[in-house]
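S.K.: Fold the following for me, if possible:
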Amino acid sequence: MVKVDIIEEKDQDANSPYASPSSSRTSSSVSLSNVSDAELDLEESLYERIVALVDIVPPSTRHKINSRVSKAAGFVKGTGKLVGNLVWIVTTSALLIGLPLALSLEDEAKIVQQEKEMLAQQQGAQHMASMYAPSNPNQQQQKGVVPPGF
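M.R.: Take a look at the predicted model:
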C-alpha cells in the first residue's frame, strides 16, 4: 500500500534537487543530475525491480498472466508424471520379462552348440574308424614289415 504525504515547500530540505526558492510546483527546470550518487540505491536486485513492477501491471493482466503460467506449469507437471510412469512401466516390464527370456535363450543356444559339438565328434570318430577299419572283416590284416635296424 502506498502512503501519500503532502509536504509544504517550507518543510523541504535545502539539499533536495527540487527545492529552490524560485521553483514552483509546475517547474521542471531542476534536473536529477544534481543528485549525488550516494542518494541513489545502486544495490537494488533484479527481484526487487520485478516486485516493484507489480504496481505498474493492472490486476486483470496480472490475473491472466498468473492463470496462464499456472496452466502451463500444471501441464508440464502432468506430462512429466505421465512420462515418468510410462518409463517405469517399460523398464520394470523389460527387467521382469526380458531378462529371464534372454537368459533362457542363451542357455538354449549353449545346449544346441554342445549338441552340435558332440555330433561332430561322433561323426569324426566314425570317419576315423572307417578309415582304419579293415575292408574285409574275415581277412586278417597283414603285419607291417619292419626293416632291420629298428
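S.K.: For residue 149, see how far away residue 100 is.
M.R.: 69 Å (C-beta to C-beta, to the nearest Å). Where C-beta positions appear, they are placed from N, C-alpha and C, glycine not excepted.
S.K.: So for those two, which sits in the more crowded spot?
M.R.: Neighbour count, other C-beta atoms under 10 Å: between residue 100 and residue 149, residue 100 has more, with 10 against 4.
S.K.: what's the helix or strand for the more buried one?
M.R.: helix 99-132 (DSSP states H and E).
S.K.: Please apply the same query to residue 4.
M.R.: Residue-wise, residue 4 maps onto no helix or strand under DSSP H and E.
S.K.: What does the pLDDT read for it?
M.R.: Residue 4 carries a pLDDT value of 81.
S.K.: when you give positions from now on, start the count at 56
M.R.: Happy to do that; since the first residue is 56 now, the last one works out to residue 59.
S.K.: mind listing what it touches?
M.R.: Contacts for residue 59 (C-beta atoms under 8 Å, 6 or more residues apart in numbering) come out as none.
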